[in-house]
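Enquirer: Provided below are the primary sequence and the corresponding predicted coordinates.
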Amino acid sequence: MAAGTAARLEEIYGRLLAAFGPQGWWPAEGDFEMCVGAILTQSTAWVNTARAIANLRAAGLLDPLEMDTMPVEDLAMLVRPSGYFNMKARKLKAFCRRLGERYGGDLPSLFHVKLPCLREELLSVWGIGPETADSIALYGARQPIFVVDAYTRRIFGRLGLTLPDADYDHLQRFFMANLPHDVPLFQEYHALIVALGKDLCRPAPRCRRCPLRDLCAEGCARVGG
DNA sequence: GGCCAGGACACCA
DNA sequence: TGGTGTCATGGC
């Protein structure tokens, strides 16, 4: 672990925590709902994901066995507010099918699989890519793996700590190599990155209120703060 | 009316 | 292996 880099990551974490407060992620009422949310929020604003989840809850479908037996066309209509609804309905079905076939529909049995096998298992499900797999592993199974998303790439690229076009695995290794492997820390750090990304560090950044403003190597200087 | 949002997959060169 | 197109609703 490079001491300088680790110290910077710790400082950034402290600033984000001070600015936004504890996020207490994941926003879900149960572990299966957490997994569903991870799939539905792919490239989608959370507010729309929440609408889709509300539809599923109202239909009594926040259960892997119930969802597995639901016609995919009907499922698609329920998750419509989250966008890409046909694709996402198929992805939810694929996840439920795997859960049923290998784990008897029992989510704790899946979560009992330890990293890195859990990650490989999730990645082998159609529709689950690196970010979704890691989100489920970290927030669902509560195992220590760092979640990388578009905000992570954008923010840490602007800070000059990573390359703007760094791939997922490279970014993940960067955080995993420079942070203690602590589940609550990983959970909170990713949530705080999202909080910053949603609030300030957009393509047109609103840097005046950014808690990382003086650390920013690119975005803030470019727009004049 | 255009841009963007807590990605992933299929296809092609 | 990397680039590009596709999937799609809803807020601003």
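Expert: Yep, that arrived. Numbering: from 1, shown residues only, chains lettered A, B, ... in the order given.
Enquirer: Tell me which residue is most central in chain A.
Expert: Nearest to the mean C-alpha position of chain A, counting by Cα atoms, centre = their mean, stands A:S135 at 4.5 Å.
Enquirer: Mind pulling up the pLDDT for that one?
Expert: A:S135 is assigned a pLDDT of 97 by the prediction.
Enquirer: Next up, the contacts around it.
Expert: Neighbouring residues of A:S135 by Cβ atoms under 8 Å, 6 or more residues apart in numbering: A:W26, A:A38, A:V147. (Each C-beta comes from the backbone N, C-alpha and C, glycine too.)
Enquirer: And for A:V125, the neighbour number?
Expert: A:V125 has 19 neighbouring residues, counting by other Cβ atoms under 10 Å.
Enquirer: Flag every residue of chain A that's near DNA strand C.
Expert: Within chain A, the positions near DNA strand C by Cβ under 7 Å from any atom of the strand are A:43-45, A:47-48, A:51, A:80-81, A:83-88.
Enquirer: now, which of the residues you listed lie within helices?
Expert: In this view, these that belong to helices under DSSP state H are A:V47, A:N48, A:R51, A:F85, A:N86, A:M87, A:K88.
Enquirer: re the thing from before, which element is the residue nearest to the centre of chain A on?
Expert: Assessed by DSSP states H and E, A:S135 sits inside helix A:130-135.
Enquirer: next structured bit after that helix?
Expert: Next in sequence after helix A:130-135, counting helices and strands by DSSP H and E, comes helix A:150-158.
Enquirer: May I see the buried residues of that next one?
Expert: Buried positions in helix A:150-158, judged by neighbour count with 16 or more other Cβ atoms under 10 Å: A:Y151, A:T152, A:R153, A:R154, A:I155, A:F156, A:G157, A:R158.
Enquirer: of those residues, closest to DNA strand C?
Expert: A:R153 (13.5 Å; Cβ to the nearest atom of the strand).
Enquirer: dump the residue contacts of the closest one.
Expert: Shown in contact with A:R153 (Cβ under 8 Å, 6+ apart): A:T162, A:P164, A:A166, A:L171.
Enquirer: Kindly report the same for A:P108.
Expert: Counting by Cβ under 8 Å, 6+ apart, A:P108 makes contact with A:D31.
Enquirer: That one: which element?
Expert: For A:P108, the element it lies in under DSSP H and E is helix A:107-111.
Enquirer: which SS state does A:W25 fall under?
Expert: Following DSSP: H, G, I helix; E, B strand; the rest coil, we place A:W25 in the coil state.
Enquirer: burial count for the residue nearest to it when sequence neighbours are not counted?
Expert: In this structure, A:W25 finds its nearest non-sequential neighbour in A:A191, 4.0 Å apart by Cβ to Cβ, 6 or more residues apart in numbering. Around A:A191 there are 20 other residues, counting by other Cβ under 10 Å.
Enquirer: Likewise for the one 4 residues further on?
Expert: When neighbours are defined as other Cβ under 10 Å, A:A195 has 19 of them.
Enquirer: Tell me where chain A has strands.
Expert: Under the criterion DSSP state E, chain A contains no strands.
Enquirer: Report the closest residue of it relative to DNA strand B.
Expert: Counting by Cβ to the nearest atom of the strand, chain A gets nearest DNA strand B through A:G129, at 2.1 Å.
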